[in-house]
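Enquirer: fold the following, please.
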Amino acid sequence: MPVYDKIVVVTKKTFLEELVERFNTRDQARFYIEHMGGDFSEYEAAHEAYQAAVALLKKAMPRGVRTHWIDRGFLPTFLFGSNDLVVTVGPDGLVVNTAKYLDGQPLLAFNPDPSRIDGVLIPFPVSSASPVLASAIEDAYPKRTITMAKATLNDGRSILAVNDLFIGQKTHVSARYLLKHDGREEAQSSSGIIVSTGAGSTGWYRSILSGAAGVLSVVTDRPHILELREHYQFDAEDECLVFSVREPFASRTSGDSLVHGEITSTTPLVLVSRMPQNGVIFSDGVEEDFLEFNSGSIATVTIANRKLLLMHAGHD
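Expert: Purely as a prediction, here's the structure:
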């Protein structure tokens, strides 16, 4: 007997569909891409692969179970039921975007195109959808408890992140703030702060370490420093976060000594904005969905009580 009342499938527009929306027709989109020297056939191939995966997933839906299909764009206003099984078919970013709108519902992620999508958070190929869905609807799969980050402002507003939070300026000017962590504090001017989860440690956090190690290896003429580039990953289930300050600037009024550290249940990160305008906090690369972080705002970054429950096959 099914354990869940309903299956909610979250899809996304392909790059080709987004191009057609921008240029009105496929022919106009083709003209633009090819005029710019791009390969339009790759957009078409990726689109066809995704559409084929969605069609296969539709055929695999268990009989007798209600299903609801929604585009990612409707996530902010969609109300998930407490006993829904949520399914994504798309890249890791779709898993991340969906997770922030769930509250205890399990998520089952399918990779529609393994040749193009890494699938760090996507354990199942669409080709196995029929038996996987049959087992998932009976709650036969274990679940990974993925740690999320949360930034809460002193006015009560908050934002969640599965991969990372960005705190800083929405433009390329310096962000100014007071940073407090583990009994220390420092006024800073920087390109912003990145708070990374274990799930996000393979993304932005890895890039930060790679860049820092690359620069230091050249400046110090010590190539072995490049080995640090491989020390980026920590487990998505770990009860900790990591913060990194990007390009801190040392001056008479700003320091650069408190630029990296762990956020745990006993050591939150507190940031006091000193930006009159354009200060923002956004999560998982979605710049359009942000909290204003201007003068008078205090942000406390913690491990979120809410977790992503990600179904998996019982092995990594």
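
Enquirer: which parts of the protein are helices?
Expert: 15-23, 26-35, 40-60, 92-99, 129-136, 204-219 (DSSP state H).

Enquirer: let me know which of the ones you listed is the nearest to residue 83.
Expert: helix 129-136 (13.4 Å; CB to CB). Any C-beta I mention is one placed from the backbone N, CA and C, and that applies to glycine too.

Enquirer: now do the closest one: which elements does it pack against?
Expert: In terms of contact count using 3 or more CB pairs under 8 Å, 6 or more residues apart in numbering; DSSP states H and E, helix 129-136 is assigned the packing partners helix 40-60, strand 106-111.

Enquirer: repeat the analysis, applying 6 Å as the threshold.
Expert: Here helix 129-136 touches helix 40-60, going by 3 or more CB pairs under 6 Å, 6 or more residues apart in numbering; DSSP states H and E.

Enquirer: give me the buried positions along the helix it packs on.
Expert: Counting neighbours by 16 or more other CB atoms under 10 Å, one finds that the buried residues in helix 40-60 are 40, 43, 46-47, 49-50, 53-54, 56-57, 60.

Enquirer: with just CA atoms, put that helix into PDB.
Expert: As requested, C-alpha coordinates have been extracted for helix 40-60 and formatted as PDB (Å, rounded to 0.1, in the frame of the first residue of the first chain):
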ATOM      1  CA  PHE A  40      22.700  25.700 -31.400                       C
ATOM      2  CA  SER A  41      22.500  21.900 -31.900                       C
ATOM      3  CA  GLU A  42      23.700  21.300 -28.400                       C
ATOM      4  CA  TYR A  43      20.800  23.300 -27.000                       C
ATOM      5  CA  GLU A  44      18.500  21.200 -29.100                       C
ATOM      6  CA  ALA A  45      20.100  17.900 -28.000                       C
ATOM      7  CA  ALA A  46      19.900  18.800 -24.300                       C
ATOM      8  CA  HIS A  47      16.300  19.900 -24.700                       C
ATOM      9  CA  GLU A  48      15.300  16.600 -26.500                       C
ATOM     10  CA  ALA A  49      17.100  14.500 -23.900                       C
ATOM     11  CA  TYR A  50      15.200  16.300 -21.100                       C
ATOM     12  CA  GLN A  51      11.900  16.000 -22.800                       C
ATOM     13  CA  ALA A  52      12.500  12.300 -23.300                       C
ATOM     14  CA  ALA A  53      13.300  11.900 -19.600                       C
ATOM     15  CA  VAL A  54      10.200  13.700 -18.600                       C
ATOM     16  CA  ALA A  55       8.100  11.500 -20.900                       C
ATOM     17  CA  LEU A  56       9.700   8.400 -19.500                       C
ATOM     18  CA  LEU A  57       9.000   9.500 -15.900                       C
ATOM     19  CA  LYS A  58       5.400  10.200 -16.700                       C
ATOM     20  CA  LYS A  59       5.000   6.600 -18.000                       C
ATOM     21  CA  ALA A  60       6.600   5.300 -14.800                       C
END
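
Enquirer: run the chain-centre distance for it.
Expert: Average the C-alpha atoms of helix 40-60, do the same for its chain, and the two points are 23 Å apart (CA atoms, centre = their mean, to the nearest Å).

Enquirer: what helices or strands is that helix leaning on?
Expert: Secondary-structure packing of helix 40-60 (3+ CB pairs under 6 Å, 6+ apart): helix 15-23, helix 26-35, helix 129-136.

Enquirer: residue 84 contacts residue 9, correct?
Expert: No. Here residue 84 does not reach residue 9: they are 10.5 Å apart, not a contact under CB atoms under 6 Å.

Enquirer: about what we covered before: quick one: closest of the helices and strands packed on helix 40-60 to residue 227.
Expert: Between residue 227 and the helices and strands packed on helix 40-60, the shortest gap by CB to CB is with helix 15-23, which sits at 36.1 Å.

Enquirer: contacting residues around residue 47?
Expert: For residue 47, the contacting residues are 14, 16, taking CB atoms under 6 Å, 6 or more residues apart in numbering as the criterion.

Enquirer: one step back: mind putting the helices and strands packed on helix 40-60 in TSV, mean pLDDT included?
Expert: Listed next are these as TSV, based on pLDDT from 0 to 100:
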stretch	mean pLDDT
helix 15-23	94
helix 26-35	92
helix 129-136	94
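
Enquirer: ranking the helices of the chain by burial, who's on top?
Expert: Among these, judged by mean count of other CB atoms under 10 Å, the one packed with the most neighbours on average is helix 92-99 (a mean of 24).

Enquirer: report the angle between it and strand 106-111.
Expert: Here the directions of helix 92-99 and strand 106-111 differ by 160 degrees (axes from the mean of the first three to the mean of the last three CA atoms, to 10 degrees).

Enquirer: how about helix 92-99 as CSV, C-alpha atoms only?
Expert: Included here for helix 92-99 are C-alpha records, laid out as CSV according to Å, rounded to 0.1, in the frame of the first residue of the first chain:
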residue,chain,number,x,y,z
ASP,A,92,21.4,19.5,-8.7
GLY,A,93,20.2,23.1,-8.8
LEU,A,94,16.6,21.9,-9.1
VAL,A,95,17.0,19.7,-6.0
VAL,A,96,18.5,22.7,-4.1
ASN,A,97,15.7,25.1,-5.2
THR,A,98,13.0,22.6,-4.3
ALA,A,99,14.4,21.7,-0.9
